[in-house]
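In: Generate a structure from the sequence data that follows.
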Amino acid sequence: MKKKAKTYHILGGGLAGLCAAKFIKEKNKNNNVIVYEAAAHLGGRCFSFYDKILQKEIDNATHVVLGANKEVRKLLRIKDWSNQSYFFDEEKINTHFWRYISFILLSIFNTKACQIPYSAILKLLQKLFPFGTDKRKIYFSKGDLSKNLIEPLRRYADEIKLGWKLNSFQAKNDVVQKLIFNHGEVEIGSKDQIICALDAANYHKIFSGPKFEFNPITNIFYRTSVPLTLPKNIPFIATPNQTADWIFIVGDMVAVTISDSSQLEGIEDEELARKIWLEIREINGIKAAFMPPFKVLRHQRATIKQDKKNNMLRPKTAQSSYKNMRLAGDWTMRNWPCSLETTVLSAKRAIK
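Out: Residues are numbered from 1 along each chain as shown. Below you'll find the predicted structure:
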């Protein structure tokens, strides 16, 4: 086994890169895995941090996992799942799931339902079928993304280089021979392998990959003086006819998610936070006396725009233009929604 062991260079310490490290080690524990991450933390867009304004640990964005997401569930090993999806419509709770299919597709693909290709919708239906209660279970992150998902994956990397930004590379005969970072150059051995887990924008910039369009997602976090409740005392609710798409409650924290939020670009953070806070209070039939401390996070390149044009730009396989480099990341999986589940599957495909 030691003779067959290889060195793997993983570009990107997000979930895709860390899952790739896991699958590499499971294949041969003697493989040498080096992870290079440009940021000062692991996780990419999937991490938690302490916010000084809210004085609370919050997620970079509230992430949702479905019961149907088997690969992510294996990583999370959590029991705190909700069995129902609730939709607030016309001042009442309505649980007729299929009535809101366009809204659900927007939430899953971060793209308007009318723009999503049929091939992607078919792939989604195949994974959800049969549409039982277990597959509809929902878990949402509660300021614990790093703790429950990212930190447990650290142990699969032999070396983690934070703050290492890839600037360029050198290749010959379709083989990458050198990686050039802001901290120095790394020679790639003849038997070494590279897993490129960069986001789509950086892959285009460095390796001349396809140029995608992106859709933003906006998240807002409020810290209330007392725990807030939603109708029926449920922990989260969908609001199809409001500015916010989803509202999540975790103790004294309220988290809001707005999919494909490009229409909000001209609205200042405080104005947006106030508008949504009024909507939240109106759901409970309570007049808002004041707005609590808040944090607005706008992710301009949250996902690629998942319409037909951009979907066709996504690679069919994990193979890159270079013989010793494979691709991982949710954007690399054609027809799949950009999600945590797709990210894990892309890493598994790259190693396989």
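In: where do the helices sit along the stretch 101-250 of the chain?
Out: Assigned by DSSP state H, counting those that start in this stretch, the stretch 101-250 of the chain shows helices spanning 101-109, 118-128, 133-136, 145, 200-207.
In: Just name the most buried of those.
Out: Per residue and on average, the most neighbours among those fall to helix 145, with a mean of 26 (mean count of other CB atoms under 10 Å). C-beta coordinates here come from the backbone N, C-alpha and C atoms, glycine included.
In: okay, the closest residue to residue 212 other than its chain neighbours: pLDDT?
Out: Nearest non-adjacent residue to residue 212, counting by CB to CB, 6 or more residues apart in numbering: residue 304, 4.4 Å away. pLDDT, residue 304: 98.
In: Report the beta-bridge partner residues of residue 304.
Out: With DSSP bridges as the criterion, residue 304 is bridged to residue 214.
In: count of neighbours near it?
Out: The number of residues packed near residue 304 is 25, by other CB atoms under 10 Å.
In: list the contacts for residue 68?
Out: When contacts are counted by CB atoms under 8 Å, 6 or more residues apart in numbering, residue 68 touches 127-128, 135-136, 341.
In: and with 7 Å instead?
Out: 127-128, 135 (CB atoms under 7 Å, 6 or more residues apart in numbering).
In: follow-up on the earlier one: and the helices of the stretch 101-250 of the chain, which one's lowest on average pLDDT?
Out: Mean pLDDT per stretch puts helix 133-136 lowest among the helices of the stretch 101-250 of the chain, at a mean of 75.
In: So for stretch 323-332, what gets flagged as buried?
Out: 324-332 (16 or more other CB atoms under 10 Å).
In: List the residues that contact the residue nearest to residue 212.
Out: By CB under 7 Å, 6+ apart, the contact set of residue 304 is 200, 212-214, 310, 331, 338.
In: count of neighbours near residue 317?
Out: Residue 317 has 12 neighbours, counted by other CB under 10 Å.
In: Next: residue 99.
Out: Using other CB under 10 Å, residue 99 has 13 neighbouring residues.
In: phi, psi of the closest residue to it other than its chain neighbours?
Out: Take residue 99 and drop its neighbours on the chain: the residue closest to it by CB to CB, 6+ apart is residue 87, 7.5 Å away. When quoted as degrees, to the nearest 10, the phi and psi of residue 87 stand at phi -120, psi 120.
In: My understanding was that residue 87 contacts residue 100; is that so?
Out: Yes - between residue 87 and residue 100 there is a contact under CB atoms under 7 Å: 5.4 Å.
In: Among the contacts of residue 68, which one lies nearest to residue 143?
Out: When these are compared for distance to residue 143 (CB to CB), residue 135 wins out at 25.8 Å.
In: looking at this structure, which helix or strand does the model trust least?
Out: Least confident element among the helices and strands of the chain, by mean pLDDT, DSSP states H and E: strand 92-94 (a mean of 54).
In: Give me the contact list for stretch 218-228.
Out: By CB under 7 Å, 6+ apart, stretch 218-228 touches 54, 56, 58, 61-62, 249, 251-258, 261, 264, 273, 276-277, 292-298.
In: Alright, that wraps it up for me.
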